[in-house]
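In: Curious how this folds, go ahead:
(chains A and B, ligands or ions: 1)
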Amino acid sequence: MDAAERALLAETVADALAAAPGVDVVATDRVLAELGWLDMLREETDAAIEIVFRALGSTNCHATLLDDVVTHALALDAGPDIAALLPPFGRWHAPGRIEGERVSADGIMTDRATTAQHVLIVSASSDGLRAASVSADAMSLTAVRGIDPDAHVHGASVDATLDATFDGGSSIDAASWATAVALAQRALAYQIAGASRTMLDLARTHAVERVQFDRPIARFQAVRHRLAEALVATEALDAALISAADEPGPQTAALAKAIAGRTARTVAGHCQQVLAGIGFTTDHAFHRYLKATMLLDGLFGSADNLVLDIGRGLLATRHVPTLIEL
Amino acid sequence: MERFRHDLHAWLDEHRDELAPDYERPGTLDQHMAQMQRVKSILHAAGWMRYGWPERVGGLGGSPMLRTELGAALAGRDITDPGLFSLIEVLAPTVIDFAPQALAAEMVPRLLSGEEMWCQGFSEPGTGSDLASIHCRATPDGDPATAEQWIINGQKVWTSLAQYSDRCVLLTRTGSPESRHRGITAFFVDMNTPGITVAPLEMINGEHEFAEVFFDDVVVPADRMLGSLHGGWAIAMSILPFERSSCFWQRIAYLYRRLQRLVDVGRDDDRTAEVVGNAFVQLHMLRSRSRVTQHRLASGETLGAETSIDKVLVATAEQSTYDAALRLLPEAIALDDSVAGELWRSEYLYSRAATIYGGTAEVQRNIIARRLLDLGADE
Ligand SMILES: Cc1cc2nc3c(=O)[nH]c(=O)nc-3n(C[C@H](O)[C@H](O)[C@H](O)COP(=O)(O)OP(=O)(O)OC[C@H]3O[C@@H](n4cnc5c(N)ncnc54)[C@H](O)[C@@H]3O)c2cc1C
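Out: All right, here's what the predicted structure looks like:
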């Protein structure tokens, strides 16, 4: 896909999402399915996750596509009938354990938990990682309101016999899970990047329009510098995402996700201060983006956990890799 | 590019002993300067110092990224001081673009081959961030259009390496005092001209890396004017693209090297992991951004205000790296008089300048707000 095709697709997706009722997960999924999301994911994975997840973030639409990203990255057939069990909040390890024919697991699920027939669970077992599926009925779900009720996520756990209908526990190597984590981290980082841009746009617009002391607050250097900081963080995240796409791998993806979590916190902090009272009301859209990014930070590794892990990795190998070259 | 990098590193491996500093670390500034000039002459003779520079100044052509790779390789191997070496990028492109062709062809090879050092005389006691307010005056000897020489009077300050320099890219006031950026002219001045006095200043880390420079009836031939009369502002602005791409990449290479050092000696605990992890994340953001910027430059784009973002990131990452050093090695920085301790102490102190030189952190944020966020004029 060349740059012009990408731009056109990005526009199409953004327009479709802007027209979709933002808080309805089912409707958003349908809009994206009609745009050919699954084919895009299979044929143009990088472009698909960049364009679709960025657009989800910038429009604050919630979908269940992360399940497809994980399933696809594990070289399985993604589709609406298969949900994926995501790791617990803040973490990125395989969420399940297999002992004999039994699987037990703990994690988070998107709203696809309520419509899919099977749930893909990557589990640790005595002979390495296994991708297995259980019947969706076997999952015990707790609908979560949490910080972002619009996201419709669920706490999920299971203690069940492996499901024979879907490749009852095929062995995968640790690298496949690392690949799936990396792709999910990149998708989420794009989504956070989209949300961060919108927060900045909202605050910028407010700064130019809001008048105090007989002038737009955008004239005050304290306000200008906060917005400048927010832009620096947003641009740095975009650059980290380019690195993660050009040199794909667990390290560049984890860095992008860590940087995304940090960026969202920086951008939200500055924008919230600039928006002040109006941004503190639910009449203004800001709160949705703040809450969305607080949830997204916890999926497939929070910034704080990832930075600690990255640091441990540096100390374990006693090596600081440069990762990307000119 | 990969091929070039490979060949370059192979060559540097092969000539490791010849290129290595012949003095004990940390060394004095005199020693660093001598080492850099010696290394430049070896690299120039072997051709490496000529890649990425135009043929009309004795270069071998090719993308400017080639010279970035060279600077980064030297910084990453600790062969030359990266701050000193990257000054080439601040000075040579200006002379190539704005000096009369014959002058550029004569002078630039001298800088590249280590025969000469140059400096940049912009700041004055009354002029830092507000560069358009300079006072140092150049008066024509006769009619400005036909004068054969100009007389310069005034003072510059914080001029890096002035005491080592053979020439200076100097900004002077040629218009009325109120003419601001419309009345500035640049000259390429020989530092041994009578009337120039250089007084080195001691920096916060004890080094004498910059100086005050006094100009007292200094006579400069008219053919040493860079660009056009009153066209000096364009020259000041033209420096940004190279300062903000190649220079930064070299700095980044050195910062990775210093973080590597922290990781070599750091304790294996979670506090250390968090501190080095944080610095690494900052460096990765910076490296990612700088890479994108250099690809844009190499593909022919003109760099502008958006490089203020690179500048903020470089300053932040540099200070984060040395903040990490201060957190992990506080006693070394405060009390250790060994070579390693001296180096951390000196570099920690120097890192605080990253938000001052080349446009302060606040000035960058002003530019970002005005030019990139389009927030209109400020108060
Ligand atoms: C290590 C080092 C090397 C240097 N090398 C050179 C060199 O080789 N050649 C050369 O010409 N100069 C050099 N300089 C000088 C450097 O360019 C100036 O120090 C810099 O431009 C800032 O000017 P100033 O120090 O006068 O600070 P000022 O401009 O006086 O600023 C003081 C403070 O006020 C803030 N401030 C100023 N204006 C604004 C504004 N509009 N909005 C918000 N805040 C503002 C600044 O950010 C800063 O915090 C060097 C400086 C250092 C530290």
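In: Got phi/psi on B:E212?
Out: In terms of degrees, to the nearest 10, the main-chain angles of B:E212 are phi -90, psi 140.
In: So for it, what's the nearest residue that isn't a sequence neighbour?
Out: In space, and not counting its chain neighbours, B:E212 is closest to B:A199: 4.5 Å by C-beta to C-beta, 6 or more residues apart in numbering or on different chains. Where C-beta positions appear, they are placed from N, C-alpha and C, glycine not excepted.
In: In the helix or strand containing the one you found, which residues are buried?
Out: Assignment of secondary structure by DSSP states H and E places B:A199 within strand B:196-201. Residues of strand B:196-201 classed as buried: B:196, B:198, B:200 (neighbour count, 16 or more other C-beta atoms under 10 Å in any protein chain shown).
In: Please give me every residue in contact with the first one.
Out: Shown here is B:I196, whose contacts under the criterion C-beta atoms under 8 Å, 6 or more residues apart in numbering or on different chains are B:189, B:213-216, B:218.
In: partners of it in the sheet?
Out: Taking DSSP bridges as the rule, B:I196 bridges to B:F215.
In: okay, now the domains of chain B?
Out: For chain B, automatic domain parsing gives the domain ranges B:2-116, B:119-235, B:244-372.
In: Is residue 30 within a helix or a strand, and which one?
Out: Just so you know, I chose chain A. Here A:R30, judged by DSSP H and E, is contained in helix A:25-34.
In: actually it's chain B I care about, not the one you picked
Out: Per DSSP H and E: B:D30 is located in helix B:29-45.
In: Tell me the spacing between B:A273 and B:W344.
Out: Separation of B:A273 from B:W344 (C-beta to C-beta, to the nearest Å) stands at 20 Å.
In: Spatially nearest residue to A:K291 (excluding sequence neighbours)?
Out: Take A:K291 and drop its neighbours on the chain: the residue closest to it by C-beta to C-beta, 6+ apart is A:D148, 4.2 Å away.
In: Now for that neighbour: which residues touch it?
Out: For A:D148, the contacting residues are A:288, A:291-292, A:294-295, by C-beta under 8 Å, 6+ apart.
In: can you give me the helices for the stretch 101-250 of chain A?
Out: A:174-209, A:221-246, A:250-279 (DSSP state H, counting those that start in this stretch).
In: Tell me the buried residues in the second one?
Out: Within helix A:221-246, the residues that qualify as buried by neighbour count (16+ other C-beta under 10 Å) are A:223-245.
In: cool, and stretch B:109-122?
Out: B:109-114, B:116-122.
In: biggest separation within these, which pair?
Out: Greatest spacing in these, by C-beta to C-beta: B:S113 and B:F122 (25.4 Å).
In: rewinding a little: who wins on neighbours among the contacts of B:I196?
Out: Counting neighbours by other C-beta atoms under 10 Å in any protein chain shown, B:V189 comes out on top of the contacts of B:I196 with 28 neighbours.
In: Describe which strands the helix or strand where that one lies pairs with in its sheet and in which direction.
Out: Element membership for B:V189 (DSSP H and E) is strand B:184-190. Its sheet considered, strand B:184-190 pairs with strand B:167-173 (antiparallel), strand B:225-226 (antiparallel) by DSSP bridges.
In: can you pull the pLDDT of the residue in the stretch 151-300 of chain B that chain A sits nearest to?
Out: Relative to chain A, the nearest point of the stretch 151-300 of chain B is B:G277 (2.6 Å; C-beta to the nearest C-beta). pLDDT for B:G277: 98.
In: Could you do the one 3 residues further on as well?
Out: pLDDT, the model's per-residue confidence, is 98 for B:F280.
In: Same question for A:E101.
Out: Taking A:E101 on its own, its pLDDT is 83.
In: Quick check: B:N278 touching B:R327?
Out: No: counting by C-beta atoms under 8 Å, B:N278 does not reach B:R327; the two are 9.4 Å apart.
In: Of these two, give the one with the bigger neighbour count.
Out: It is B:N278, of B:N278 and B:R327, that has more neighbours when counted by other C-beta under 10 Å, with 21 against 17.
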